[in-house]
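A.B. asks: pasting a predicted model and its sequence here:
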Amino acid sequence: MDTTTTSTHNLPIHKHPLLPSARFFTAECGGCHLTETLYGGYFCNEASCNRWFHKECAEAPLEINHHPSHSKHPLLLTIDSPTKDDTPCDSCGQNILSPFYTCPKCEFKVDLICGIKPSPSVIEHPVSHDHPLVFFKKREEEKKEVHPCEVCNESIGGPFYSCLACNNVYFHLDCVHLSKEVNHPCHSSHPLTIIPAELFFERNCTLCYTRSRSYYHCYSCNLPVCLGCTKRPPPLVVDHTKTHNHPLRLLLSEIEFTCKLCGVKDFVTVLYVCIECGFLVHKNCVGLPQVININRHDHRISFTYRLGIHELTGCGVCRAKVTRYDGAYSCSICPNYAVHVRCALDSTVWNGLELEGVLETIEDISPFKVVGDNLIRHFIHGNHNLLLLKDYVMVREYYEWLLCDACVCPIGFGPFYKCQECSFFLHEKCANLPMKKMLIFDTTTYKLEYVGRSLYCLLCGILSSGFVFKLQGLNRKYQYVDVHCGSISEPFDHDGHMHPLYFGKKIRDYCCGCHRVLDDNMLTCGNCNFDLCLYCANLPGKIWHMRDEHPLTLYYGMAQGRSLFFMDKTIAYGKSWCEVCEMELNLTKWFFACFDCRVTLHVQCVIGDFSHLKPNCCITIKRKKYKVVLNNQNTRPFCRQCRDRCKVPHILKEDDEEKDGYICSISCLSRFSGAKFHGLV
């Protein structure tokens, strides 16, 4: 059967149209809720959904007549959630999840599997046993003795079959149709015998590569097959013309080959081949999506079998070489842009949507409208006009209060917008932040907002009271992101490194700016061993500070023990001390310095943890209010938690007339209040 059609199917199993798929995909079926490898089936192409279904689950009938457990009334399929918590299925006794079948005339209901594949009350001649077997319900919450299944030897936590003639003989509903020796369609030359997983010494299933507790095994070929692939074997023939013009046949053989679609050289035991053409592909490369969007590029990219003669700059995700003779994804607008197949389809890069045949609409995401010469009307400050000031000379005395309302950083040294009627300011680059954007660390679209509350950004670990990029309607780790991290794009050019940086997830990695070891998202260089955390990536190149009359410049470290030069002036030899805390600097870390005064300062002493909070604003932590104040008095106050004098320029003060307590950092605030920061505070 040719499954190349991209036409949608309106099926009663789901609220959105579904598309047929030839892909081999591991996911939870939206119908039966089993997580396993789906060979073909259907998927939802809506961004807010993106669910997968077995073919038989997706094509479940809208109405079932003469159900063995309820023959007097028809049962109707419903995709609504059950009205009561812990509602049991009237057939198997398990808790019901949507979708399910229900009787419109009474309260009888069964889950999807019990509706389309009802388990008979008695099996007279089972494959797995010599005597008849009887069906029993078993609730998960009932405290009964746990017995293993006779076939797979795994415990039974739900309904089961049991033999009345034998003592303590039980079977899973699926295993009752299996025997301890089977003839598998994918390996018909020898029978397979079930054995425990301990005998395989960490070997995985030959067909799906997953680890199981029990396997069917061919002693002649040393071939393990899990129970899931025994119950749902992969197709022997795949006819999908977008993958190949001829039918592809399953081949089980330990061979080394190069996949014709993804270009990866592999040693595998299962693949699909066309003998006529010598065409060999991974099973997971069958049915690749043709047109997709990824979070590393602004345009759609399309699958191509050959990239042609374009000069390529490397994979747009991993930066490694992309050969022009293998399959890849390329951009029709950017001729030199290409991405490896596996990189493009990574779950952290692609949102799972197939865009072939979907009309591309250009959405207006401009954040403002031009209303006059150097005048705009920004959507977040829509009542007043903003005037662009290009040659404004910053007066030093204003640095403490003249902050951008988007990033809550000093206006600084570049052009900015000023409201003509109130004290609202925006950097020119912050005014141009789009209303909607796909950020490089997620596959969904974020919306620019001002939420009126403080945000703790999990990416950089900074509290901010400015604009945020917010994820709409989804519960994810990074639901709120400050505009500093949200503005990062690839390639990321930073003055602290000679090569462009690219986004990546690192484990136990060392930041070259602050020397912290992190398990987090970082910016990395593919040419050398340089990695940068997002806190350091967002540090300003220049900043005013109350300790110096000149702007401070961020310096990117040097080898320990060498002389330090600024503008051909030696300001220190071997060692330097911070002007704020009077502690020695590690000159291999990033720090701030003044060219004119020849002073150095720690980054943390200049920035602190609360510099992105507006002075005099209040935040509430564990029902206790704190006010952001400037640490600009003659005597620095003591922190209530660490008992040290507060060194950073912005600190928190307890909003209590009877107390005069201060907090100097997020770590002190967390220990003092017992709060774990995430999202809005």
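C.D. replies: Looks like it arrived, so ask away. Numbering: from 1, shown residues only.

A.B. asks: residue farthest from the centroid of this protein?
C.D. replies: A165 (52.5 Å; CA atoms, centre = their mean).

A.B. asks: correct me, but that one touches H131?
C.D. replies: Yes - counting by CB atoms under 8 Å, A165 touches H131, with 4.5 Å between them. In this view, the C-beta of every residue, glycine as well, is placed from N, C-alpha and C.

A.B. asks: low-scoring stretches of the stretch 201-350 of the chain, by residue?
C.D. replies: Low-confidence segments of the stretch 201-350 of the chain (pLDDT under 70): 201-202, 309-311.

A.B. asks: ok, which stretches of it are helices?
C.D. replies: For the stretch 201-350 of the chain, the helices defined by DSSP state H, counting those that start in this stretch cover 227-231, 341-344.

A.B. asks: return the most buried member of these.
C.D. replies: Across those, averaging neighbours per residue (mean count of other CB atoms under 10 Å) puts helix 341-344 on top, at a mean of 22.

A.B. asks: so what secondary structure elements neighbour that one?
C.D. replies: strand 328-330 (3 or more CB pairs under 8 Å, 6 or more residues apart in numbering; DSSP states H and E).

A.B. asks: now for the strand it packs on, which elements pack on it?
C.D. replies: strand 301-304, strand 338-339, helix 341-344.

A.B. asks: pull the residues that contact it.
C.D. replies: 263, 292, 294, 301-304, 307, 310, 322, 337-341, 344 (CB atoms under 8 Å, 6 or more residues apart in numbering).

A.B. asks: what about 10 Å?
C.D. replies: 261-263, 288-292, 294, 297, 300-308, 310, 312, 315-317, 322, 324, 336-341, 343-345, 350 (CB atoms under 10 Å, 6 or more residues apart in numbering).

A.B. asks: buried ones in stretch 491-500?
C.D. replies: Of the residues in stretch 491-500, F492, H494, G496, H497 count as buried by neighbour count, 16 or more other CB atoms under 10 Å.

A.B. asks: what's the spacing between the first one and H244?
C.D. replies: The one in question is F492. 39 Å (CB to CB, to the nearest Å).

A.B. asks: the residue lying closest to T258 once chain neighbours are set aside: what's it in contact with?
C.D. replies: Leaving aside its chain neighbours, T258 sits nearest to K265 (4.6 Å; criterion: CB to CB, 6 or more residues apart in numbering). Residues near K265 by CB under 10 Å, 6+ apart: E256, F257, T258, C259, D326.

A.B. asks: what of C285?
C.D. replies: Taking CB under 10 Å, 6+ apart as the test, what C285 contacts is 23-24, 243, 259-264, 271-272, 327, 341-342, 345.

A.B. asks: can you get me a residue count around S155?
C.D. replies: Neighbour count for S155, taken as other CB atoms under 10 Å: 12.

A.B. asks: where's it relative to N634, distance?
C.D. replies: S155 is 71 Å from N634, by CB to CB.

A.B. asks: kindly report the domain assignment for this structure.
C.D. replies: 181-231, 237-285, 502-536, 539-607, 618-680 (automatic domain parsing).

A.B. asks: please state the offset of the last one from the chain centre?
C.D. replies: The chain centroid and the centroid of domain 618-680 are separated by 33 Å, computed with CA atoms, centre = their mean, to the nearest Å.

A.B. asks: got it, and the fourth one?
C.D. replies: Averaging C-alpha coordinates over domain 539-607 and over its chain gives two centres that are 38 Å apart (CA atoms, centre = their mean).

A.B. asks: use 872 as the first number from now on
C.D. replies: With the count now opening at 872, the last piece we talked about shows up as domain 1410-1478.

A.B. asks: wait, doesn't S1358 sit right on L1310?
C.D. replies: Yes - the pair S1358 and L1310 qualifies as a contact (CB atoms under 10 Å) at a distance of 9.2 Å.

A.B. asks: common neighbours of the two, please.
C.D. replies: Counting by CB under 10 Å, 6+ apart, the residues touching both S1358 and L1310 are F1340, V1352.

A.B. asks: can you redo the domains of the chain as CSV with distance to Y913?
C.D. replies: Shown next, in CSV, are the domains of the chain (distance: least, CB to CB, whole Å):
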stretch, distance to Y913
domain 1052-1102, 19
domain 1108-1156, 15
domain 1373-1407, 31
domain 1410-1478, 48
domain 1489-1551, 35
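
A.B. asks: least confident of these, on average?
C.D. replies: Looking at the domains of the chain, the lowest mean pLDDT belongs to domain 1410-1478 (a mean of 75).

A.B. asks: now Y972: phi and psi?
C.D. replies: The phi/psi pair for Y972 (degrees, to the nearest 10) reads phi -110, psi 140.

A.B. asks: so T1314 is in which element?
C.D. replies: Under DSSP states H and E, no helix or strand contains T1314.

A.B. asks: tell me the contacts of it?
C.D. replies: 918, 921, 1164-1166, 1217-1224.

A.B. asks: please report the distance of it from H904.
C.D. replies: In terms of CB to CB, T1314 sits 23 Å off from H904.

A.B. asks: just the contacts of T1314 now: which is nearest C1383?
C.D. replies: Nearest to C1383 among these, counting by CB to CB, is T1219 at 23.1 Å.

A.B. asks: near the closest one, how many other residues are there?
C.D. replies: 16.

A.B. asks: what's near enough to touch it?
C.D. replies: T1219 touches I1165, N1166, V1188, I1311, F1312, D1313, T1314, F1374, G1375, K1376, N1392, counting by CB under 10 Å, 6+ apart.

A.B. asks: what's the answer for S1091, then?
C.D. replies: H1058, S1060, H1061, P1062.

A.B. asks: in this structure the second one contacts S1124, no?
C.D. replies: It refers to S1060. No - counting by CB under 10 Å, S1060 does not reach S1124; the two are 12.0 Å apart.

A.B. asks: what do those two both touch?
C.D. replies: In contact with both S1060 and S1124: C1092, using CB under 10 Å, 6+ apart.

A.B. asks: where does Y1327 land in three-state SS?
C.D. replies: strand (DSSP: H, G, I helix; E, B strand; the rest coil).

A.B. asks: which SS class is the closest residue to it other than its chain neighbours?
C.D. replies: For Y1327, ignoring the flanking residues on the chain, the nearest one in space by CB to CB, 6+ apart is F1548 at 4.0 Å. Following three-state DSSP, we place F1548 in the coil state.

A.B. asks: ramachandran angles for F1548?
C.D. replies: phi -90, psi 130.

A.B. asks: show me the contacts for it.
C.D. replies: Neighbour list for F1548: S1325, L1326, Y1327, C1328, L1329, G1332, L1334, I1492, I1537, L1540, S1541 [criterion: CB under 10 Å, 6+ apart].

A.B. asks: taking those residues, please make a ChimeraX selection of just the buried ones.
C.D. replies: Buried members of those, defined by 16+ other CB under 10 Å, are picked up in ChimeraX with:
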select :1325,1326,1327,1328,1329,1332,1334,1492,1537,1540
